[in-house]
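[1] Sequence plus the predicted model coming up.
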Amino acid sequence: MAGRSDQSNLSRVRGTLGFHEKAWELQNRNDMEKNGQVDLNQFVGNGEWEHLYDEVQILEETKMSDEERLRAAVPALLSWFSGHARILPWREQPTPYRVWLSEIMLQQTRVEAVKPYFERFIAALPDIAALAEAEEDQLLKLWEGLGYYSRVRNLNRSAKQVMEEHGGELPADHQKLLKLPGIGSYTAGAIASIAFGQKVPAVDGNVLRVISRVLKSREDISELSTKKAMEILLERVMPADAPGNFNQALMEVGATVCIPRGEPLCEECPFYTLCLSRRDGLTGEIPVKKAAKARRVEERTVFLITDGRRVAVRKRPEKGLLAGLYEFPNDLGWLNEQGGAEQLGQWLSEQEKLFGKLRGINSIPVTGDEHAACKIRCAGDATHIFSHVEWRMKGYIIQFPEAGLDELKDNWKQISGIAETVFLADAEELKTRYAIPNAFRAYTEKIAELLNKDRN
Ligand code: SF4
């Protein structure tokens, strides 16, 4: 029986392109599966001696515990990361503040989308003291379009807490980090390991997917218990001298190789040999994740009330979805063009005394009526998907002559159905001052085009 003494030949074989295919073809033989062993002598003399080495290695790997399997992968994982780590702005100087900010921005957001936001945010608020002092409108504007705006509010609250309790420096302690608003076990683990070199795992959705596949685990990754168990396992196997790189390498595999949608790129993966889901063709079934609850669908009508120079904007309530951001007045339900006019007319008629000039607006068929006080035209449909609700919107441009809108503006606060916070913003203010969420992007673009056109 051949031994494993000829390591140089084994290395040579492993270096050939076909190594993995040969290895796994043998691994999948029924007799190996059933008995956990093969008659290695059957290969001697047939010119394929290298299989013997592969067989032995695979058999050893098959018997590994989860911990042994992951531990065995660490050298390849770290080596792969040193050659494949993407160059990212926050990796250039991994200070605690930069790591923290990047990890918060990266939650539910793609790396490519985060990059410009990160650069802009750091330029505007270069340290924790500046973040603590920032006004909410500035924070929301810097975050505009990233979504999940509670993240930036929590950053601000945490920064204030860090200034008060930790002298302006993020604490180099996993437990203390967990006490800051918006920092959960993943973010605390990422900051502690990457910025402070502490041996703490950072398990996010990417890592859950990769490890579940490597170990062929069918535990539901949406369960907290699954995440906890994975944290315990990873803490045991992560190297004390490179915890930050270990965590980042796992995240990188999840983001670039063992990708969330589509076929994983197993040929490029440092877990190739050890991954049980790849070996057994189970990457379509693993990870297991219970189906998310169906989203509620809301139909909405959005009103772009403008005089060609300014548009009506209002601030959303301080609590709930998109809290504190700005939006175009909108209401539940779809209105057709006539309905849009009626809705507006309803608002206005309640204040009829205040709007003598606009009296009779209920009757306007508006579109194309040269004598109407305002004109309504379609601004198109748009859909925006939040985690629990989906907005299906129909938009209308309601164009006033300038004087009419000024009169309307003077009495905005008294118009029933339009929040007290409605005001008029011009193109420059829309661009630089008021944070309007992505949900309204189609309409923001449309109205910006219109305001800019009229300005030029
Ligand atoms: S081998 Fe394939 S399935 Fe396994 S971790 Fe790598 S990319 Fe994912």
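    It's in. Residues are numbered from 1 along each chain as shown.
[2] Next one: whatever residue of the stretch 351-456 of the chain ends up closest to the ligand from residue 108, what distance?
    Here the stretch 351-456 of the chain gets closest to the ligand at one residue, residue 387, 25.6 Å apart by CB to the nearest ligand atom. (C-beta placed from N, C-alpha, C; glycine too.) To residue 108, residue 387 is 8 Å away according to CB to CB, to the nearest Å.
[3] pretty sure residue 330 is touching residue 299, no?
    No - applying CB atoms under 8 Å, one finds residue 330 not in contact with residue 299, separated by 10.7 Å.
[4] Looking only at neighbour counts, state which of the two leads.
    Taking other CB atoms under 10 Å, residue 330 and residue 299 do not tie; residue 330 has more neighbours (18 against 14).
[5] Residue numbers of the chain in contact with the ligand?
    Contact residues (CB under 6 Å from any ligand atom) of the chain with the ligand: 210, 213-214, 257-258, 264-266, 269, 271-272, 275, 277-278, 283.
[6] Buried residues, the longest helix along the chain. List them.
    What stands out as the longest helix in the chain, according to DSSP state H, is helix 66-84. Using 16 or more other CB atoms under 10 Å as the test for burial, helix 66-84 gives 66, 69-70, 72-74, 76-78, 80-81.
[7] outside of that helix, which residues touch it?
    With contact meaning CB atoms under 8 Å, 6 or more residues apart in numbering, helix 66-84 is reached by 61, 64, 211, 214-215, 217, 233-234, 236-239, 242, 245-246, 248-250, 252-253, 256, 270-271, 274, 276.
[8] From those, list the buried ones, please.
    Among those, those scoring as buried are 61, 211, 214-215, 217, 233-234, 237-238, 242, 245-246, 248-250, 252-253, 256, 270-271, 274, 276 (criterion: 16+ other CB under 10 Å).
[9] returning to that earlier point: give me the distance between the longest helix of the chain and the centre of its chain.
    The chain centroid and the centroid of helix 66-84 are separated by 26 Å under CA atoms, centre = their mean, to the nearest Å.
[10] and if you look at stretch 296-315?
    With CA atoms, centre = their mean, you get 27 Å for stretch 296-315.
[11] quick one: terminal-to-terminal distance for that stretch?
    Stretch 296-315 has an end-to-end distance of 23 Å (criterion: CA to CA, to the nearest Å).
[12] Quick check: phi and psi at the residue of the stretch 351-456 of the chain closest to the ligand.
    phi -70, psi -40 (degrees, to the nearest 10).
[13] Just give the number of residues close to the nearest residue in space to residue 329 that is not next to it in sequence.
    Distances taken as CB to CB, 6 or more residues apart in numbering put residue 303 closest to residue 329, at 4.8 Å, once the chain neighbours are dropped. Using other CB under 10 Å, residue 303 has 24 neighbouring residues.
[14] Then residue 119?
    12.
[15] Can you tell me the element it falls in?
    Using DSSP states H and E, residue 119 sits in helix 111-124.
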